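Chemist: From the sequence below, what's the structure:
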Amino acid sequence: MKKLIIFALATALHAQSTATVTCPAACTVTVTATTVVTPPVPPATYVGPCDIPGVSCVAAYNLARKARNAYAGSFFTETNNTFAKFYDQISVNDLTPSCCGPNWPSGAVQTTVGSTIPPSGVPVPIARILNGEAYTYHYGAASGIPVGNSSITEYMVVENTSEGGQVSGCCGSFNDSENPIHEGSKGQMFGLSLAAGGMCTVGTGTGPWAGVDLEQGNCLYGPPPTAKYLTILAKYNAATGTLTLKSGDATQGILTTLYSGPLPPGYAGLNLQGAVSLGMGGDGSNSPINFIEGAIIAGATTDAADNALQQNIVNFYGIQQ
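Modeler: Numbers count the residues shown, from 1 in each chain. Got it, this is the predicted structure:
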């Protein structure tokens, strides 16, 4: 069933003219110049990443699958083979092309719809967001995104930027960020990154490295990842002031803890602003990424929840038994 679902979606993405693609016993997708890509009905046993106990998603963006079994909306809107909107599968935080920040173009630029083939063997959509392209939601606390010195967890599944697209030389690529876009102070952002540089700790070797962007400091840890598809997860526990960063192969294995300890020097806590940004730092900095899925979670997850989330990801993108 899963392979039929993804294959039908990938076929729809690459159609060149108006057509109807029927997913056996699942869905119908109509392809036009502007296409709203809707998720098929999954098997009753399907468990999405945000269905996992302890994974309390407040925003989720999944290009190839449902974040929750009960979700009945759309994945994304495609216009002329570009991403026009990423739908939040949890709340109202839909991401649309952003304009403009420091060193940013004068107008919003949309990302080309791409596809990639993980070990599952079938194509999945991917947003290879380049410099000068980004998607944001800036409506503050009304969106339900954590604000102030709040506990928070984020995860994303990305294609390693060494495999295609561009490597970010800057900062967070998927984040709870400033509202509005501006050069914020330390702690006004909590973002996941796969980047080659940052104003904080850097990992071993030449990069890029998995990291977490806290504004005015993109902290990068560990050796450069070698897997083509990565899970990156970071969490902050406001009660203890503890920051944890984990990463691993999104197609096999477990998450490895790259850092767990106090916030870096100079950060007394977080002062989150409640916006969502994908492909730029909260101050408008270029931050390219090869994005497949990700979510923002209210609270700091347990290690057991992290392990269950990684297994859910591996079950979807890994080799099928």
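Chemist: Apart from its chain neighbours, what residue comes closest to Ile117?
Modeler: In space, Ile117 comes closest to Pro123 once its chain neighbours are excluded; the distance is 5.3 Å by C-beta to C-beta, 6 or more residues apart in numbering. Yep, even glycine has a C-beta here, placed from its N, CA and C like the rest.
Chemist: quick one: pLDDT of that neighbour?
Modeler: Predicted confidence (pLDDT) for Pro123: 93.
Chemist: can you tell me how far it sits from Tyr317?
Modeler: The spacing between Pro123 and Tyr317, counted by C-beta to C-beta, to the nearest Å, is 12 Å.
Chemist: go on, Met189?
Modeler: Met189 sits at a distance of 28 Å from Tyr317 (criterion: C-beta to C-beta).
Chemist: Please apply the same query to Ala268.
Modeler: Spatial separation of Ala268 from Tyr317 under the definition C-beta to C-beta is 38 Å.
Chemist: Asp94 too?
Modeler: Asp94 sits 24 Å away from Tyr317, going by C-beta to C-beta.
Chemist: Looking at those two, which has the bigger crowd around it?
Modeler: Each of Asp94 and Tyr317 has its neighbours counted (other C-beta atoms under 10 Å); Tyr317 has more, 24 against 20.
Chemist: Let me see the backbone angles for that one.
Modeler: Main-chain torsions, Tyr317, degrees, to the nearest 10: phi -100, psi -10.
Chemist: Now for the protein, the helix or strand with the poorest mean pLDDT.
Modeler: Using mean pLDDT, DSSP states H and E, strand 19-23 stands out as the lowest-scoring helix or strand of the chain, at a mean of 29.
Chemist: burial measure for Thr242, as a count.
Modeler: Around Thr242 sit 15 other residues, with neighbours defined as other C-beta under 10 Å.
Chemist: Quick check, it in contact with Pro262.
Modeler: Yes - proximity of Thr242 to Pro262 meets the contact threshold set by C-beta atoms under 8 Å, at 6.7 Å.
Chemist: where along this protein do the helices fall?
Modeler: For the chain, the helices identified by DSSP state H occupy 2-13, 303-317, in order along the chain.
Chemist: which one of those has the lowest average pLDDT?
Modeler: For these, where the average pLDDT is lowest is helix 2-13, sitting at a mean of 41.
Chemist: Name whatever forms a beta bridge with Thr136.
Modeler: Note on Thr136: beta-bridge partners Thr96, Ser277, judged by DSSP bridges.
Chemist: Begin at 4, not 1, for the rest of this chat.
Modeler: With 4 as the first residue, the last one maps to Thr139.
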